[in-house]
Structures are given as structure tokens and as C-alpha cells.
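Peer 1: Here is my input, please return the structure:
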Amino acid sequence: MPRPFLVRYTGLVGSTLLAGAAYLGGAHQPWEPTITPRTIFAGQNGVLLPVLWLTGIVLLIGAWLAGRPPTARWAYVTAGLWALPLLPFLPLGSYDAYSYACQGWQQAAGLNPYAGGVDLLGCPWADAVAPTWRAAPAPYGPVFLVLAALAATVGGSLTGTIALLRLIAVAGVVAIGACLPVLARRAGVPPARAVWLVLACPLVLIHLVSGTHNDAVMMALLVGGLAVATTGRAWPAGILFGLAVGVKATAIVALPFAVFLIPRSKWRAAAELTGGAVGALAVVSVASGLGLGWITGLTGSGVSVQWTAPPTAIGMTLELAGVPHAVAVTRVLGMIALAGVLLWLFRRAWRGGDALLHAGLALAATVLLAPVFHPWYAIWPLAVLAATLRPPAKALAVPCAVAAALCLPDGYNLALATKAQGAVGMTVLAGFLVWKVLHEANPDPGRRGAGDGGAGPHLRAP
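Peer 2: Modelled structure (predicted):
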């Protein structure tokens, strides 16, 4: 059997099994205590649901890792086939879609979603929102709240609103797929490989297509901004970046690198990009009725304390060793380190480094050094690095495969079941990666000389 055929239909079987898991145990109204390893082993969820989920995730990840797309068209078609079974069923991996629906309802009703959560402002579907977030104000920008309000207004019911939110997320995924070949050709990466790594990624299928996360919209606008910047059009690129920031503020870390994609004076390119971004944000902020108050509402997403975020894991490990309040300290240190890494990447890009690559690395650093990590955050760097990294992409594929398997059907993160072990393991891994980066950045001159017998690097032993 030809390998492309086997890959395509193995993945399709996997996504179909996951669709069955979504039907039986996806996020639903009203919210109920989530499926956990304990409830599974106790038999409370039956046998079929865990078997569908486990078999489906293994087949889908395996097919994605084994895939070697012969053409970009083959990759598009296969990713589309894998997405189809997930479209009609409940969201997988998270209850966030219901938070989006309520925030959209609040915005459409003339309320201010930044003034409080559903406990304070109300929502006809409040019982579907996860308890963790019922008191939390919206942590998203006005661009997404306008889209969510549109979905709530047109959809009417909760089912209609979720369907339109999913349609918006799928449109974002399609837009990402349309931009990937532009970035890949500029970086000298095969477009088929870039399309495959992103669109067929189980993370994208589970958390963007099924889970309807608004990261699909943010990354579509961000990747679109980079693609437009490569054509030399600074103003339109700036507008797209501004809209991306208006979904999630995280997108701002990639904006400075777009300056180096514009073939003109850096200062003029920076002024045009910034003008387009600020102008777009200002227009949406005023038109939405939120003004600039939304900026102060983006501070409530640090409630989660999980070892999947390296700074948090290090703090958890120190607290296990008896150091009080270490998580708060290591999170602050992580943000300081992130600022330093972003400045270093910008400096390298200024000196002639690949701007697209450094934009992807900036997103990766943001994911690794931020206080909180959710599995779908890994899609941020993936969407850019897949189109810019030339060597084999194991460094991208393996972490994304692990992240795709972290959430059970209705959103329970398996990291919660391994707090102590995971924290220590992540701390050791983080230490090893730091050592490796520093070791490779500062090779031992003695070892290098011993390896070539003191000769110049152009001489080789016969």
C-alpha cells in the first residue's frame, strides 16, 4: 500500500475516533466535573470513551509524524479530510468556547466584558462556562470580542453561537494555510512540508478546529501580516498586526521583526508598520465601544499553576524543596528573561539575521518563558517556524505531538495529575536546554583545536 495513502487514511480513522470521543465526552452544557485519569480508571466514563480518545490520538499523531507530503495540494486535501469529522461535534480539549460565547453575548448586549465575568455580568449560558473562569473578565482584545458578539447575535442560541465561533476558527486556519507557502518560498522551505506541519498537526485539529480557540484568528492575522510584509507593503501589514494584537496581545512580539522584511529605510518601515497597527487598534477599540479600557483587562490569565510552563515548573520545584513563594519569583524572572531574549533576537535581526526565523523564535521564547502554558500556545511558533526552519523539523514536531496528547476530551490537563514529577522533570529539562544553548554558543577552543589538529577549518584529514 502506498505510504501517502496509508498516512492519509490512518489519520482519518484517528480523527473519526476523536470525533466519537467528542460526541460522548466533549465539552458540553452544563459544565460537569471533568473526565480525569481517576474517573477513567474507576470506570465512571465507561470503556468506549477512553478507548476512542486514546486510539484516536495515537493514530492521528502517528500519521502526522510519519507523513511526507508529496505535494502541497496533497497536504491541503489530507488536512481537510482529517478536520471534517470533528466539525459537527462538541469542542474537544477545553470549555473555552463557552467563555467566548458568553463574552460575545455580553458585548452584543452592550455590557463591558472587561468589567467582570459571567458571575457579575450574567449570561444565558453561564452554566457551560468552567468554574475557574466564571469570575474572570475577558482576557482578549476588542477584535475578538466584536467577532464573538457577531457570532452570538447571528447564532442566537448557544449551539448557533458555538457553530459560528467554530466557523471563524476554521476560517483562521484556512487563512494560515493560504499564507504558509508565501513564507516558505521566501525562506527556501518546501511549501508542502510547511503546510503539512501546521494544518495536519493534531494540535491544530483538536484545539483550533474542534476546540475553536481564538488563537486561530490571532495567528491568521499575524502570519498574514508577515506574508504581506514580505511583499513590501508596510501599511497593510501593520493593520493586520494591529488586528492580531486586538485578538491576543501576544502577537505584538512578532511585529518588530516585520520591519526587516520591508525593502526600505528601517525607520520609515517601522513608522508605517506602527502607524497601521495603532490605527487599526484605535478604530476597533472606538467602534466596539470599549475605548482603551480593554488594555487594563488583559491581566487575569495567570490563575493556572502548571509545570508545563518552565518558569512555573522551576518555582514549583523550589517550593517542593521548601522555598516559599518561589513560583511568583520565578515567573517574574521568566518575564525578565523573556525581555532579554526578545531584545537579543531583535539585535540579531537588525544585524542581518533572518527576520522570519527570528519572529518565530520570538514566539517560541514567549511560549517557553511565559508564566502559563496551554497546549494550543505551541501553535504560535509552529505556524511561523514550520515555514522558516530548513533542517528536519523534529524540534517542532515532537513537542507539538506531546502537547496534543495533554488534554483529555473535555479539557482536563494531564499535567494536573503529575504536578510534582512534572515540575522536577521540566526543571531538569530546562536546565539541560540552558546548558546546551550556552555550551553551543561558547564552544571550548581547546576541543575545537584538538578536533582539527590546530589546522584551519578548511583542512580535513584524508
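
Peer 1: Spatially, which residue comes closest to A364, not counting chain neighbours?
Peer 2: Using C-beta to C-beta, 6 or more residues apart in numbering and skipping residues adjacent in sequence, the residue nearest A364 is P381, 3.8 Å away. Quick note: C-beta positions are derived from backbone N, CA and C, even for glycine.

Peer 1: Counting by contacts, list what the helix or strand that neighbour falls within packs against.
Peer 2: When secondary structure is defined using DSSP states H and E, the element that contains P381 is helix 379-385. For helix 379-385, the elements it packs on are helix 158-187, helix 191-199, helix 215-229, helix 355-369, helix 394-404, judged by 3 or more C-beta pairs under 8 Å, 6 or more residues apart in numbering; DSSP states H and E.

Peer 1: returning to that earlier point: the residue nearest to A364 - how many residues pack around it?
Peer 2: Residue neighbour count, defined by other C-beta atoms under 10 Å, stands at 25 for P381.

Peer 1: go on, R264?
Peer 2: Residues near R264, counting by other C-beta under 10 Å, number 11.

Peer 1: for it, helix, strand, or coil?
Peer 2: coil (DSSP: H, G, I helix; E, B strand; the rest coil).

Peer 1: show me the contacts for it.
Peer 2: Residues in contact with R264 (C-beta atoms under 8 Å, 6 or more residues apart in numbering) are G232, A234.

Peer 1: For V129, find the nearest of the helices and strands packed on helix 379-385.
Peer 2: Proximity of the helices and strands packed on helix 379-385 to V129 was assessed by C-beta to C-beta; the nearest stretch is helix 158-187, lying at 10.9 Å.

Peer 1: Do I have it right that V424 meets L320?
Peer 2: Yes - if you go by C-beta atoms under 8 Å, V424 and L320 touch, sitting 7.3 Å apart.

Peer 1: So what's the predicted local confidence for the most centrally placed residue in the chain?
Peer 2: In the chain, the centroid-proximal residue (C-alpha atoms, centre = their mean) is Y377; its distance is 2.7 Å. Turning to Y377, the model gives it a pLDDT of 96.

Peer 1: cool, C102 as well?
Peer 2: The model's pLDDT for C102 equals 97.

Peer 1: did I read that right, it in a helix?
Peer 2: Yes - when classified by three-state DSSP, C102 is found to be part of a helix.

Peer 1: Could you measure from it over to T427?
Peer 2: If you measure C102 against T427 using C-beta to C-beta, to the nearest Å, the figure is 37 Å.

Peer 1: Who has more neighbours out of the two?
Peer 2: Just comparing C102 and T427: by other C-beta under 10 Å the higher neighbour count belongs to C102, 27 against 20.

Peer 1: That one touches L120, doesn't it?
Peer 2: No - with contacts counted by C-beta under 8 Å, C102 stays clear of L120, the gap being 11.5 Å.

Peer 1: Just the terminal-to-terminal distance for stretch 116-129.
Peer 2: From the first residue to the last, stretch 116-129 extends over 14 Å; the measure is C-alpha to C-alpha, to the nearest Å.

Peer 1: How about that stretch, which residues are buried there?
Peer 2: If you call a residue buried by 16 or more other C-beta atoms under 10 Å, then stretch 116-129 has these buried ones: G116, G117, V118, L121, C123, W125, A126, A128, V129.

Peer 1: Next: stretch 254-267.
Peer 2: Of the residues in stretch 254-267, those with enough neighbours to count as buried (16+ other C-beta under 10 Å) are A254, L255, P256, F257, A258, V259, F260, L261, I262.

Peer 1: Adding secondary structure, pLDDT and distance to N112, write the residues you listed out as CSV.
Peer 2: Putting these into CSV (DSSP: H, G, I helix; E, B strand; the rest coil; pLDDT from 0 to 100; distance: C-beta to C-beta, whole Å) gives the following:
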residue, secondary structure, pLDDT, distance to N112
A254, helix, 96, 29
L255, helix, 95, 27
P256, helix, 95, 31
F257, helix, 96, 34
A258, helix, 95, 32
V259, helix, 95, 34
F260, helix, 95, 38
L261, helix, 94, 37
I262, coil, 92, 37
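
Peer 1: Q306 touches N413, doesn't it?
Peer 2: Yes - with contact taken as C-beta under 8 Å, Q306 and N413 are classed as touching, separated by 6.5 Å.

Peer 1: Mind pulling the model confidence for G43?
Peer 2: Reading off the confidence values, G43 has pLDDT 88.

Peer 1: That one looks like it's in a helix, true?
Peer 2: No - secondary structure of G43, determined by three-state DSSP: coil, with no helix assignment.

Peer 1: Give me the phi and psi for it.
Peer 2: The phi and psi values for G43, taken as degrees, to the nearest 10, are phi 80, psi 10.

Peer 1: Quick check: it vs V228, distance?
Peer 2: For G43 relative to V228 (C-beta to C-beta), the value is 54 Å.

Peer 1: Same drill for those two, tell me which one is more crowded.
Peer 2: V228 (23 against 9).

Peer 1: that older thread, in space, what's closest to the residue nearest to the centre of the chain - neighbours in sequence excluded?
Peer 2: Excluding the flanking residues, the one nearest Y377 by C-beta to C-beta, 6+ apart is V367, at 4.9 Å.

Peer 1: That neighbour touches I379, doesn't it?
Peer 2: No - using C-beta under 8 Å, V367 is not in contact with I379; the gap is 9.3 Å.

Peer 1: pLDDT below threshold where in the stretch 1-150 of the chain?
Peer 2: When the per-residue scores of the stretch 1-150 of the chain are filtered using pLDDT under 70, the ranges that remain are 1-2.

Peer 1: residue boundaries of the helices in it?
Peer 2: Defined through DSSP state H, counting those that start in this stretch, the helices belonging to the stretch 1-150 of the chain, from first to last, are 3-25, 37-41, 48-66, 72-83, 96-108, 118-121, 142-155.

Peer 1: Show me the contact partners of the fourth one.
Peer 2: For helix 72-83, the surrounding residues in contact (C-beta under 8 Å, 6+ apart) are 4, 7-8, 11-12, 14-15, 60, 67, 69, 170, 173, 177, 181, 191-192, 195-196, 199-200, 205, 209.

Peer 1: quick one: buried residues of that helix?
Peer 2: Of the residues in helix 72-83, those scored as buried under the neighbour-count criterion (16+ other C-beta under 10 Å) are A72, W74, A75, Y76, T78, A79, L81, W82, A83.

Peer 1: Please produce TSV containing those, extended by distance to A19.
Peer 2: Putting the buried residues of helix 72-83 into TSV (distance: C-beta to C-beta, whole Å) gives the following:
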residue	distance to A19
A72	26
W74	22
A75	21
Y76	20
T78	16
A79	15
L81	12
W82	10
A83	10
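
Peer 1: what's the angle from whatever helix or strand L438 lives in to helix 355-369?
Peer 2: Assigning secondary structure by DSSP H and E places L438 in helix 419-441. For helix 419-441 against helix 355-369, the angle by axes from the mean of the first three to the mean of the last three C-alpha atoms, to 10 degrees is 150 degrees.

Peer 1: which strands and helices sit next to helix 419-441?
Peer 2: For helix 419-441, the packing partners by 3+ C-beta pairs under 8 Å, 6+ apart come out as helix 310-320.
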